[in-house]
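J.: The following comprises the amino acid sequence and a computationally predicted model.
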Amino acid sequence: MEMKKKRTKIKGGFILLPHYKTNSEPWRKCCTDANWVYCELLKKKKTGKADDDEKLPINQREELRLTYSEVEYKMHSRRFTKAMKALVENGFIEVKEQGGLYRRKSIYVFSPGWKEKDPKMAKELREKREYARQFENWGGALEKTPPPG
């Protein structure tokens, strides 16, 4: 009788960072602090992956809050601010609601804007949009023509 090996369970969770995102030009433009902050935002996400949220309209995306007090063990406040600005500028996140006044927290959502800033992804997006337009035009013409035979 052969004994099966017991698998050791990994404590904690994991985050999914696809290669096409980490190899993109906007990701490489971000500083390492910005990449780390993005990972922290992913940890706070409750459902699915960031790419799922990017497909939704901004008012339906999951709201994320990350404050300096949550990451002060890792970086100084100026580095945190610079990292958040880099993520916004490179299109990885959008500010849904700006905080700061009366101790309110900023609300962020994941954004698909980084795809337009990456030349390779932008080309793929243009091709998909063009194909969709052609398909719509073709589908409309197909419905109007009588079936063969």
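T.: Sure, I can see it.

J.: Helices of this structure, residue ranges please.
T.: Here the chain has its helices, by DSSP state H, at 19-22, 25-29, 32-44, 50-54, 68-71, 77-89, 113-117, 119-144.

J.: As a markdown table, those helices with distance to R61, mean neighbour count and mean pLDDT would be great.
T.: C-beta here means a position set from N, CA and C on the backbone, and glycine is covered the same way. Output for the helices of the chain, formatted as a markdown table (distance: least, Cβ to Cβ, whole Å; neighbours: other Cβ atoms under 10 Å; pLDDT from 0 to 100):
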| stretch | distance to R61 | mean neighbour count | mean pLDDT |
| --- | --- | --- | --- |
| helix 19-22 | 17 | 12 | 88 |
| helix 25-29 | 19 | 16 | 92 |
| helix 32-44 | 12 | 18 | 91 |
| helix 50-54 | 5 | 17 | 71 |
| helix 68-71 | 20 | 14 | 90 |
| helix 77-89 | 15 | 17 | 93 |
| helix 113-117 | 13 | 17 | 86 |
| helix 119-144 | 19 | 10 | 73 |
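
J.: Report the contact partners of N35.
T.: Neighbouring residues of N35 by Cβ atoms under 8 Å, 6 or more residues apart in numbering: W27.

J.: And it, how far from L56?
T.: The spacing between N35 and L56, counted by Cβ to Cβ, to the nearest Å, is 24 Å.

J.: residues in contact with stretch 78-85?
T.: With Cβ under 8 Å, 6+ apart, stretch 78-85 has contacts from 30-31, 33-34, 36-37, 68, 71-72, 75, 93.
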